[in-house]
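In: sequence first, then the predicted structure:
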Amino acid sequence: MNASAPAIRLAVVGLGLIGGSLARALRDAGVVSEIAGYDRDPEQIRLALELGVIDRAGTDAADAVHGADVAVIAVPVLATAAAIAECKAGLGPDTILTDVGSTKQSVLDAVLSVFGDIPPRFVAAHPIAGTEKSGVAHAKADLFRKHRLILTPHPAQDAEALATVEALWAATGARVVKMDATRHDAIFAATSHLPHLLAYSFVDMLDQLEGADADIFPNAGGGFRDFTRIASSSPRMWHDILRANAQPVAELLRRQIDELSRLLAMIETDRWDEMRAVFERARAARERHLTRIE
Ligand code: NAD
C-alpha cells in the first residue's frame with residue numbers, strides 16, 4: 001500500500017488479540033481512515049475504545065461493518081458463521097470481507113453456509129503470529145511484523161479484493177504467502193494444532209499426579225515453561241480450532257501415539273541406543289529446518 005493509495009475504512013468484528021492487533025498495526029501504518037468495531041463482549045468494546053484501538057463501536061456487527069471498505073472477522077473459528085450472519089445486513093456490495101481464522105476449510109464452509117456460495121469479495125487469511133494471551137488489552141501493533149500471513153484464495157476469488165487484503169497485511173510488516181486451504185489445514189495440524197493438544201494433555205496429566213501441588217510444579221524449571229507455554233492459550237479458541245480441523249489432527253495424533261509406543265518399548269526393552277538415535281535425528285532436523293527458515 002503506497003502513500004497515495006486511498007485510506008481504507010476498516011471494520012473489525014471480534015476485538016480480541018488478533019482483531020485488536022490488526023487494527024493497531026493498520027492505524028500505525030497510516031493506511032486506514034476510520035476503524036469501527038464490534039464484539040459480543042461489551043468489556044472488549046469498552047477497552048478497545050478506551051485504548052484507542054477503534055474510533056467507533058457499532059451497536060451490533062451489522063452497524064459496525066456499515067460503510068466499511070474492508071470488514072475483518074476476528075472471532076474464534078466456530079463463531080465465524082454466526083459473526084458473518086450478524087454482519088450480513090450491513091455489508092455493502094463492494095465491501096471486502098476477510099478473516100484471520102486458524103483453520104481455513106472450516107471458514108470457507110462457514111462463509112458458504114451464510115451466503116450459499118463463496119462471494120468473490122471474501123478473502124480467507126491466517127496470520128502466523130500470536131501469543132498465548134487473549135483479549136484487546138494484549139493487542140500489539142508489531143505482532144505481525146516479519147511473520148507469515150497466509151492467504152488461501154478460492155475459485156471465485158476477486159483479484160482486486162485479494163490484492164487489497166494482501167496490501168493491508170504487507171502494511172503490517174507481514175510476509176504474505178498464498179496456498180490452498182486444504183494444504184494449509186494439513187500443515188497447521190502438524191505444526192500448531194497437534195502441539196497445542198499435546199501441551200494441554202501433558203499439563204493435565206501432570207496435574208493429576210500425586211504431589212502435583214506439593215513438589216512437582218514448584219520444582220518445574222525452564223524446560224517445563226518452554227514446553228508448556230502454549231497450554232496457557234485460550235481453551236475456547238483451541239477447542240474451536242481442534243474441532244474445525246479434527247481429521248488432519250486425528251491422523252497425526254495416531255502417528256504420534258505410535259511413536260510414543262515405540263519409545264515406551266525402547267525403555268521397557270533397554271534399547272537406549274535406538275532412543276538416542278531418535279534424539280539425534282530430531283535435534284538435527286530441528287536445527288536444519290530452523291536454520292533454513294530463519
Ligand atoms: P480472542 O479471544 O483474543 O478474541 C476473540 C474475540 O471474539 C473475543 O473478544 C470474543 O468476545 C469475540 N467474539 C466471539 N464471538 C463473536 C461474535 N459472534 N461476534 C462478535 N465478537 C465475537 O481471540 P484471538 O486470539 O484474537 O483469535 C481470533 C481469531 O484469530 C481466531 O479465529 C483464531 O483462530 C485466530 N488466530 C489466533 C492466533 C493467536 O495466537 N491468538 C493466531 C492466529 C490466528
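Out: Looks like it came in fine.
In: against residue 241, how distant is the residue of the stretch 51-200 of the chain found nearest the ligand?
Out: Going by C-beta to the nearest ligand atom, the ligand is nearest to residue 130 of the stretch 51-200 of the chain, at 1.8 Å. C-betas here are computed from N, CA, C, even on glycine. Separation of residue 130 from residue 241 (C-beta to C-beta, to the nearest Å) stands at 11 Å.
In: neighbour count winner among these two?
Out: residue 241 (26 against 20; other C-beta atoms under 10 Å).
In: contact partners for the more buried one?
Out: Listed by C-beta atoms under 8 Å, 6 or more residues apart in numbering, the contact partners of residue 241 are 77, 102, 103, 193, 196.
In: now it. Nearest residue, chain neighbours left out?
Out: residue 102 (4.9 Å; C-beta to C-beta, 6 or more residues apart in numbering).
In: so the one you found makes contact with residue 187?
Out: No - Residue 102 lies out of contact with residue 187 (C-beta atoms under 8 Å); the separation is 11.5 Å.
In: residue numbers of the stretch 51-200 of the chain in contact with the ligand?
Out: 61, 74-77, 79, 82-83, 100-102, 126-127, 130-131, 134-135 (C-beta under 6 Å from any ligand atom).
In: type out the PyMOL command that picks the buried ones from the residues you listed.
Out: Buried residues within those, by 16 or more other C-beta atoms under 10 Å, are selected in PyMOL with:
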select buried, resi 61+74+75+76+77+79+83+100+101+102+126+127+130+134+135
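In: what number of residues lie near the residue lying closest to residue 38 once chain neighbours are set aside?
Out: Leaving out its chain neighbours, the residue that sits closest to residue 38 by C-beta to C-beta, 6+ apart is residue 64, at 3.7 Å. Residue 64 has 27 neighbours, counted by other C-beta under 10 Å.
In: in a helix, residue 64, correct?
Out: Yes - assessed with DSSP: H, G, I helix; E, B strand; the rest coil, residue 64 lies in a helix.
In: from memory it sits against residue 86, does it?
Out: No - contact between residue 64 and residue 86 fails when scored by C-beta under 8 Å: they sit 9.4 Å apart.
In: so what sits against both of these two?
Out: residue 13.
In: all helices of the stretch 1-150 of the chain, in order?
Out: Assigned by DSSP state H, counting those that start in this stretch, the helices in the stretch 1-150 of the chain fall at 17-29, 42-50, 61-65, 80-87, 105-115.
In: where does the stretch 1-150 of the chain dip in pLDDT?
Out: 1-6 (pLDDT under 70).
In: need the strands for the protein, in chain order.
Out: 8-13, 32-38, 56-57, 70-73, 96-99, 122-123, 125-127, 148-151, 175-178 (DSSP state E).
In: rewinding a little: overlap in contacts, residue 130 and residue 241.
Out: Between them, residue 130 and residue 241 share no contacting residue, judged by C-beta under 8 Å, 6+ apart.
In: how about the spatially most central residue of the chain, what does it touch?
Out: Nearest to the mean C-alpha position of the chain, by C-alpha atoms, centre = their mean, lies residue 102 at 3.8 Å. Residues in contact with residue 102 (C-beta under 8 Å, 6+ apart) are 77, 126, 188, 192, 193, 237, 241.
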